[in-house]
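*Asks:* only the shape, not the letters, is given here:
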């Protein structure tokens, strides 16, 4: 009798939990990819933890507070590691709707991932898309801050250069005009007279005698 | 009495100015492409031959003319012959076109530089779609770096007709780029002379750092081996020689008037022959150096992509056949594929179409040039390096230095004739003239920041300078050799520098270089005529890739205008000079009578 009951139960279980069954979800784990050397082997204990996590997630859903570990059925475990699971109601006659399970898993995805030291990519629930974390957008985009800094430096530098150029020109213009003229004529006469390039003679040291220059002007040019 | 002409503080500044002008973005993004297309290591043969036969003589000619005439391009050519002031004006017009569109590249470099200070880099990840379950569709179809370039930087429209509005972000960067250029040219040679120390030397520092990093990257050797393996049969391909000649010509920046402008600020006795040889050698070696860096980066990127592709196939097979995680590796992949194909033929045939054939050669073969290389391929490689923010900042800083160095030369070519002309320089101070030129160029450059801006940029990049420069330099060399007289010019140079002119330069100037230029000109003209309608690459957001489209009529008109406005200056101004001379002679004879 007991054997018959056992077979019946397993048969019902087998019916409820099958690949592509109604309300069944496939789960895929990539433990070696995630953990490398520290990878653990998937055995019955890990399965038990998984069932516990799913039961825990279902308990958080408003109407399903009485979900127990025995209500979560796991089947078709492969080497991958991948398997299918369903969640049944307390009477174990039918499976709970997929939407509820999806909602429960999405809400507690982080906790489930952390229980296995995996993440969204290495612990995949096929057909349950994970909510991708949005990139953190600062209130002021960073590039504008850097742009502002460089822009202000350049503007300040330009203003300084332009102003210093204007100031230099004004200082040069303010010098007495006669000295300027005389210097000019002096340069002229020297180039005409000597043929030595004016570059070799230092103009600034010269102190010009006005009378000498004007006399020269009355002479015929050489 | 004329005010003394400003001079370079020392000859090193002049050499650095020429280097910083000649070594530009073309060395980084055009030469590696040519090297890859035309036979790898064997492309160096036509390149070096053209350098010796075409590059050095033409560079020496321009420097000698500038140093001898001691004026900007307009004044210099007017001094050679009054009928040839059109050559100078054509140079200024081409420089003006160039400065308008070239600074947009600096604006883009600024944009990427400012965005490099984030973690993670914005082009390393696709943005999420509306309901946060996946990534933006355009980004999925293309790649994240392409998406960042076409959508976030350019916000490109599907065709040149849909021009959209001015995008404020690139516009801001363009304004900043022009302000930086203005800051550098503000005081003429005094400020330019100091800036060129940085713009000439810093790119080399970055290139050396990148060389060390690039050679130590995983997979770099794949790229280097692929590039430098000579394909000797390409030597027989005339296109290889033509492209080598073209690359040397444009890389040195001949014909813009910048070299004449720089040389005009030289002491008359400086040895411009030595400078010409040094600058051209440095320019070419920088090209080769930059291509070593580029190809190690290519190798890294190709290997990374190839390994990602293989991993994707492994994951697909592992998931479809529920194999043990970690069982499939790259080494046993083929074996297991064979085993699976034979054991589960039906399931395998279902999976097979999704499996892409991963090939390292295919990844290496993607030859890219221009902005695509700089802003898409390089950023893709950088995002996979460790400490990618540092590499990104270094790289875009180097691009900026190269770009600004070239801009200094361009603006010098425009400003030197303007400041030489007494009509303008007596009314406005130097700062105001520079400011006005920068302002006008910036205002017109806003066209390139619209949504269709990148298409107009391509038009300017391909047509504004190419044909006109060949013609300008041809007329220049003919003018010096045959109008002014080669013997007279040689004796001028001897009087100026103290060294006699080597027979090699005489042979090159009189015969070989003009022949090369004429053949280049004929080739390009026939190429334009034979291709019929001109086409461009437009970005299709729905497919996530480039598609070819025809230019509308008004774009073709703009192209024609670009080429005509510079080339027509030469005959027009010659005609004007001739008419003026006739009128004057008529007036003289009338007054005599």
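*Replies:* Looks like it came in fine. In this text, all values refer to a predicted model and were calculated from it rather than measured experimentally.
*Asks:* need the residues of chain A near chain B, please.
*Replies:* Residues of chain A lying close to chain B by C-beta under 8 Å from any C-beta of the partner chain are A:28-33, A:78-82, A:129, A:131-132, A:134-135, A:142-144, A:146-147, A:150-151, A:154-155, A:157-158, A:161-162, A:165, A:169, A:184, A:187-188. The C-beta positions use only the backbone N, C-alpha and C, and glycine is treated the same way.
*Asks:* quick one: secondary structure of residue 118?
*Replies:* In the absence of a named chain, this looks at chain A. The local conformation at residue A:118, judged by DSSP: H, G, I helix; E, B strand; the rest coil, is coil.
*Asks:* can you look at chain B instead?
*Replies:* coil.
*Asks:* ok, now which ones touch it?
*Replies:* A:142-143, B:389 (C-beta atoms under 8 Å, 6 or more residues apart in numbering or on different chains).
*Asks:* can I get these in TSV with distance to residue B:308, secondary structure and neighbour count?
*Replies:* Output for these, formatted as TSV (distance: C-beta to C-beta, whole Å; DSSP: H, G, I helix; E, B strand; the rest coil; neighbours: other C-beta atoms under 10 Å in any protein chain shown):
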residue	distance to residue B:308	secondary structure	neighbour count
A:142	28	helix	15
A:143	29	helix	21
B:389	22	helix	15
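*Asks:* in JSON lines: those, plus pLDDT and distance to residue B:461.
*Replies:* Shown next, in JSON lines, are the contacts of residue B:118 (pLDDT from 0 to 100; distance: C-beta to C-beta, whole Å):
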{"residue": "A:142", "pLDDT": "87", "distance to residue B:461": "31"}
{"residue": "A:143", "pLDDT": "89", "distance to residue B:461": "26"}
{"residue": "B:389", "pLDDT": "93", "distance to residue B:461": "30"}
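*Asks:* and these, which is closest to residue B:529?
*Replies:* Nearest to residue B:529 among the contacts of residue B:118 is residue A:143, at 45.8 Å by C-beta to C-beta.
*Asks:* circling back to that earlier point, and the residues of chain A next to chain B, which of them are in strands?
*Replies:* Per DSSP state E, strands hold the following members of the residues of chain A next to chain B: A:28-29, A:82.
*Asks:* state the distance from the residue of the stretch 401-550 of chain B found nearest chain A to residue B:461.
*Replies:* Nearest residue of the stretch 401-550 of chain B to chain A, counting by C-beta to the nearest C-beta: residue B:431, 5.6 Å away. Residue B:431 is 30 Å from residue B:461, where distance means C-beta to C-beta, to the nearest Å.
*Asks:* and the gap between the residue of the stretch 51-200 of chain B at minimum distance from chain A and residue A:132?
*Replies:* At 3.8 Å from chain A, residue B:114 is the closest residue in the stretch 51-200 of chain B, using C-beta to the nearest C-beta. Distance, residue B:114 to residue A:132, using C-beta to C-beta: 26 Å.
*Asks:* what about these two, which has more around it?
*Replies:* residue B:114 (24 against 14; other C-beta atoms under 10 Å in any protein chain shown).
*Asks:* where's the residue nearest to that one when sequence neighbours are not counted relative to residue B:126, distance?
*Replies:* Counting by C-beta to C-beta, 6 or more residues apart in numbering or on different chains, residue A:143 is the residue found nearest to residue B:114 once chain neighbours are left out, at 3.8 Å. Here the criterion is C-beta to C-beta. By it, residue A:143 lies 19 Å from residue B:126.
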